[in-house]
Each structure stands twice: as structure tokens, then as C-alpha cells.
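Trainee: here is my input, please return the structure:
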Amino acid sequence: MAVVEKLPGRAHVPAGRDRVLDLIRSGAIALVVVQHWLMPVIGWDGSAVTAGNALVAPGAWAWTWIGQVMPLVFFAAGAAGAISLRRRPEPRAWLAGRVQRLVLPVFALVVVWLPLPHLLVALGAPVQPVSIAAAVVPQLLWFLVVQLILVALTPLMVAAHDRFGLAVLVPLVGGAALVDGLRFAGVPLVGFVNAVLVWVAVHQLGIAYADGRFAGIVGGRALALAGGGLAATGALVAFGPYPASMIGMPGAPVSNMSPPTLCLVTLSVFQLGVLLAARPAMARFAARPRVAGTLAVLAPRMMTVFLWHMSALVVGVGVLTVGLGGHTPTPFGAAWLIGAPVWLAALLAVLCGLVRAFGRWETRSTGAAPGPVPMPQLVAGIVLAAAAMLGLAAKGFASGLADGAPPVWSLGCAAALVGGYLLATRTRAVQAVR
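Mentor: Numbering: from 1, shown residues only. Predicted coordinates for the structure are as follows:
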């Protein structure tokens with residue numbers, strides 16, 4: 001565990017940055033990027049794009065038990081949030097700073113993609129592939145909506161952990177199981193309650209990790225924990241109504257991801273056990289000068305990597321289809337396997353250019369932190385920003401594109417995002433707007 005110092009009247013506070021958390025977060029996001037780049041199966045008939053998913057191949061669901069790393073991302077966010085909150089005990093200032101770090105990088109994406117679809121169509125690009133691109137790119141914003149919810153709850157959940165410890169997980173996990181029961185009993189919309197319960201439970205594991213609650217779980221005990229999580233996930237799939245894939249699959253009647261199910265909680269226990277078993281080796285690896293230097297560059301820009309990697313994919317697909325008239329080879333066939341490294345290298349080059357161009361929006365967000373913001377104003381700003389990003393994730397940047405109309409929906413969401421950001425990060429938001 002991280003070295004800790006004891007402050008009078010407070011819980012143990014980690015001293016120094018936990019490089020393992022940076023390694024977890026960077027590695028998980030990198031795996032998300034690679035999977036998103038390899039999953040699409042793209043076809044082109046000269047005017048329209050078709051898209052499939054390589055993971056619909058027989059047996060490919062097994063990979064998702066490893067490749068579904070969003071629990072690790074939210075676990076790391078919980079640990080990092082608890083560490084930083086304990087170092088800055090004024091919750092309103094901490095919350096405003098976190099909103100600044102989460103939302104400011106999104107502005108770059110909005111500034112580019114709000115006019116881009118209409119510009120491309122005006123220059124002669126086919127409407128259908130542009131519409132797909134403009135809808136796919138902002139879908140990633142669901143992740144930031146969840147992150148904003150978790151950030152808003154962090155002071156409460158840290159306080160709950162300080163008082164009740166791991167017992168906080170009991171109502172969260174029990175509630176998630178109850179919601180799944182209602183969902184599968186014929187009340188599907190109630191399942192979206194688990195977008196909070198499931199991810200808060202995983203986030204809470206990160207808070208417990210930051211407090212050293214798992215310090216004694218090493219070696220065989222960690223592997224036993226991993227085995228228990230894996231067995232529980234297997235039992236839910238084998239004997240329950242849960243699908244085998246840990247990600248949403250095209251055409252599947254039920255998804256473990258949208259909305260999340262109890263399977264992602266048990267899967268996170270499996271991943272936590274593996275993490276605790278591997279942590280000593282991970283700490284040694286992360287402490288190597290070259291690795292530490294790489295993490296120092298990547299960690300402050302991982303949100304930019306996440307936000308822009310689908311734009312890099314759009315560029316690659318556009319060149320492959322519209323530019324070269326090509327398509328994706330049969331997944332996992334010889335041509336696909338041979339071409340995959342070339343494909344990844346080309347997209348990585350595009351992404352590096354995008355990160356270089358827009359990474360400053362994220363690194364700038366870690367500069368001067370906002371002061372304490374009145375709590376009602378702060379809550380209103382978080383709700384407004386989350387609603388704006390949810391609106392963009394749901395309908396994308398292509399509103400009005402097919403009819404040649406102004407992008408009213410996208411513009412409205414962008415305006416709401418700016419308003420929410422100002423409310424949540426400015427002590428005098430009204431004057432700032434003026």
C-alpha cells in the first residue's frame with residue numbers, strides 16, 4: 001500500500017503518489033483504446049458504411065472477462081479521489097477542482113466536432129458515414145457522466161467508509177441485486193439505477209484500497225479473492241439470467257454493461273484479487289525510471305487519450321473506406337491478424353497528433369484549482385454538465401445533419417455544458433458569464 005502519514009483527528013492519509021494507480025488507470029485506458037480500434041468490422045458499398053463487432057465470433061465472449069476493464073478504471077478513480085480529498089479537506093473546493101479536471105478537456109472535443117460534420121458534408125463527404133461518426137465519437141461521454149456522479153458522491157462515500165468500513169458495500173451490492181431482479185422480472189427501465197449502484201460499489205472498493213483496508217490481502221489470499229470473484233461471476237452467468245459477455249453485444253437481448261449488472265461487481269472482485277496479488281510486481285515495474293517517466297507523461301493526458309481515440313478511429317475508417325474503398329478482413333483470419341499491427345500503428349500515429357494538439361486542455365485543468373463554491377451552485381453545475389454530456393452521448397453531434405438544419409440539439413447541449421462548468425467552478429459564476 002502507499003506510504004501513509006497520520007493527521008490528528010483524521011484517517012490515514014497517503015503520502016506520495018501511488019504509481020500503481022497510475023499504471024492501472026493508464027493500462028486500462030490503453031486496453032480500452034486497443035479494443036475499440038480492433039472490434040469494428042467495417043464494410044463499404046461506395047456510399048454507405050456498415051459496422052459489425054469482431055467479438056460476436058464464437059467464443060470471443062471469454063475475452064471480455066479480461067478485456068472489460070471499466071471496473072478497474074472506476075476502482076482507480078475511487079482510490080485517487082479518496083487520496084486527493086484527504087489532502088484537501090475542503091469538499092467544495094475539491095469538488096470544483098474535480099469538475100474542472102473532468103469537463104475542461106471535453107470542451108476541445110465539442111469545439112472541433114460541433115461544426116465538423118456539417119463542414120464535411122458541405123465539402124462533399126457522404127452524409128451516412130459522417131452521421132455515424134458524429135454519433136459514435138461522443139458516446140464515450142457516458143463515462144464522464146458516471147465520473148461526475150461518482151465525484152459528487154465521493155465526500156459522502158469517504159465519510160461513510162470512515163464510519164462503516166467495508167459494510168458500506170452491503171446495501172450497494174444488495175441494492176444492485178434487487179434492481180437486477182426487478183429488471184429481469186419485466187421492469188427494464190429500473191435497471192438504469194444500477195448505473196449508480198454498481199459503479200459506486202466498485203468506486204467504494206477503490207476508497208477502501210486507498211485507506212489500506214486490503215494491505216493484508218497478498219499472495220494466496222489475494223488469489224483466493226480473485227477465485228471467489230471469478231466463481232461468483234461464473235455462477236451468475238451459468239445459473240442466472242446474465243449473458244456471458246461482459247460488454248454489450250449487437251443484437252443481444254440483455255447486456256451486462258448498459259445498464260451495468262451485478263456481474264460487473266463480482267468481476268471487479270476478481271480483478272481486485274488479481275491486482276492485489278500482482279501489486280508488488282506492479283510497484284517494482286512502475287518504479288523503473290523509464291516506466292515512471294512514461295507514466296508521468298501519460299497520466300495527466302489519459303482523459304485526452306480516451307476522449308480522442310474514437311476520432312482517430314474515424315480518421316482511419318474514413319481513409320480505409322471512403323479513401324481506399326477497402327473493408328475490414330474477416331475477424332481473426334490471417335489477413336486480419338497480419339493487418340492488425342499496421343492498423344493499430346496507423347491509428348496510434350493519428351492519436352498522438354490529436355493528443356499533442358488537444359492535451360493542453362487537460363493539463364491546463366490541473367493548474368490553479370477553484371476556490372470553494374457554494375454547495376447549491378456546485379450541485380446545479382454538476383447536474384447541468386452531466387445532463388449536457390448525457391445529451392451529447394445520446395444524440396451526438398449530427399443533429400440536423402440529414403436535413404441540412406442547424407445543430408440545435410448539439411448547440412443546446414454545448415451551451416448547457418459551458419453553463420454547468422461555470423456554475424461548478426466559479427465562485428461568482430454570474431459575474432463570470434457577464
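
Trainee: residue ranges with poor pLDDT in the protein?
Mentor: Of all residues in the chain, those with pLDDT under 70 make up the ranges 1-16, 89, 251, 365-370, 427-434.

Trainee: just the strands from it, written as ranges.
Mentor: In the chain, the strands defined using DSSP state E lie at 4-6, 12-14, 40-44, 49-53.

Trainee: the spatially closest residue to residue 23 that is not a sequence neighbour: neighbouring residues, count only.
Mentor: Closest residue to residue 23 apart from its sequence neighbours, by C-beta to C-beta, 6 or more residues apart in numbering: residue 286 at 4.6 Å. Where C-beta positions appear, they are placed from N, C-alpha and C, glycine not excepted. Residues lying near residue 286 (other C-beta atoms under 10 Å) number 20.

Trainee: wait, residue 286 touches residue 24, no?
Mentor: No - counting by C-beta atoms under 8 Å, residue 286 does not reach residue 24; the two are 9.4 Å apart.

Trainee: my read is that residue 411 contacts residue 115, right?
Mentor: No - using C-beta under 8 Å, residue 411 is not in contact with residue 115; the gap is 10.1 Å.

Trainee: so where do the helices sit in the stretch 301-434 of the chain?
Mentor: 302-318, 334-365, 375-395, 408-425, 429-433 (DSSP state H, counting those that start in this stretch).

Trainee: and what of the stretch 1-150 of the chain?
Mentor: Taking DSSP H, counting those that start in this stretch, the helices of the stretch 1-150 of the chain run over residues 19-38, 61-67, 70-87, 91-113, 116-122, 127-136, 141-164.

Trainee: the stretch 151-300 of the chain too?
Mentor: Remark: helices assigned in the stretch 151-300 of the chain by DSSP H, counting those that start in this stretch are 169-184, 194-210, 219-239, 262-286, 289-298.

Trainee: buried deepest among these, which one?
Mentor: Using mean count of other C-beta atoms under 10 Å, the stretch among the helices of the stretch 151-300 of the chain with the largest mean neighbour count is helix 194-210, at a mean of 25.

Trainee: run the chain-centre distance for that one.
Mentor: Put simply, helix 194-210 sits 14 Å off its chain's centre (C-alpha atoms, centre = their mean, to the nearest Å).

Trainee: compute the inter-axis angle for it and helix 141-164.
Mentor: Helix 194-210 and helix 141-164 are oriented at 50 degrees to each other (axes from the mean of the first three to the mean of the last three C-alpha atoms, to 10 degrees).

Trainee: thinking again about what came up before, deepest of the helices of the stretch 301-434 of the chain, which one?
Mentor: Comparing the helices of the stretch 301-434 of the chain by mean count of other C-beta under 10 Å gives helix 302-318 as most buried, with a mean of 22.

Trainee: isn't residue 176 right up against residue 259?
Mentor: No - here residue 176 lies out of contact with residue 259, judged by C-beta under 8 Å, at a distance of 10.2 Å.

Trainee: need the overlap of contacts for those two.
Mentor: Both residue 176 and residue 259 are in contact with residue 194, where contact means C-beta atoms under 8 Å, 6 or more residues apart in numbering.

Trainee: what sits against residue 179?
Mentor: Residue 179 makes contact with 190-191, 193-194, 197, according to C-beta under 8 Å, 6+ apart.

Trainee: what's the closest of the residues you listed to residue 331?
Mentor: Closest approach to residue 331 among the contacts of residue 179 (C-beta to C-beta): residue 191, at 29.5 Å.

Trainee: now the closest one: how far from residue 258?
Mentor: Distance of residue 191 to residue 258, given as C-beta to C-beta, to the nearest Å: 9 Å.

Trainee: who has more neighbours out of those two?
Mentor: Set residue 191 next to residue 258 and count neighbours by other C-beta under 10 Å: residue 191 wins out with 20 against 12.

Trainee: tell me the contacts of that one?
Mentor: Residue 191 neighbours (C-beta under 8 Å, 6+ apart): 179-180, 182-183, 259, 261.

Trainee: go again with 10 Å.
Mentor: Applying C-beta atoms under 10 Å, 6 or more residues apart in numbering, we find residue 191 in contact with 176, 179-180, 182-184, 254-255, 258-261.

Trainee: ok, the residue nearest to residue 40 when sequence neighbours are not counted to residue 135 distance?
Mentor: Nearest in space to residue 40, with sequence neighbours left out and distances taken as C-beta to C-beta, 6+ apart, is residue 51 at 5.5 Å. Distance of residue 51 to residue 135, computed by C-beta to C-beta: 11 Å.

Trainee: neighbour count: those two, which is higher?
Mentor: Remark: of residue 51 and residue 135, residue 135 carries more neighbours, 18 against 15, as counted by other C-beta under 10 Å.

Trainee: could you pull up the residues touching the nearest residue to that one once chain neighbours are set aside?
Mentor: Among residues not flanking residue 135 along the chain, residue 396 sits closest, at 3.7 Å (C-beta to C-beta, 6+ apart). Applying C-beta under 10 Å, 6+ apart to residue 396 gives the contacts 113, 117, 131-139, 141, 407, 409-410, 413.

Trainee: now, the most widely separated pair of these?
Mentor: 132 and 413 (18.8 Å).

Trainee: for residue 144, which residues are in contact?
Mentor: By C-beta under 10 Å, 6+ apart, the contact list for residue 144 reads 102-103, 105-106, 151, 303, 306-307, 385-386, 389-390, 392-393.

Trainee: same question, residue 131
Mentor: Counting by C-beta under 10 Å, 6+ apart, residue 131 touches 49, 117, 121, 396-398, 401-402.

Trainee: was I right about residue 178 contacting residue 184?
Mentor: No - using C-beta atoms under 10 Å, residue 178 makes no contact with residue 184, being 11.2 Å away.

Trainee: residue 315: what's it in contact with?
Mentor: With contacts defined as C-beta under 10 Å, 6+ apart, the neighbours of residue 315 are 133, 323, 346-347, 349-351, 353-354.

Trainee: for the most centrally placed residue in the chain, which non-adjacent residue is spatially closest?
Mentor: Taking C-alpha atoms, centre = their mean, the centroid of the chain lies closest to residue 143, which sits 4.0 Å from it. Residue nearest to residue 143 in three dimensions, not counting chain neighbours: residue 306, with 7.2 Å by C-beta to C-beta, 6+ apart.
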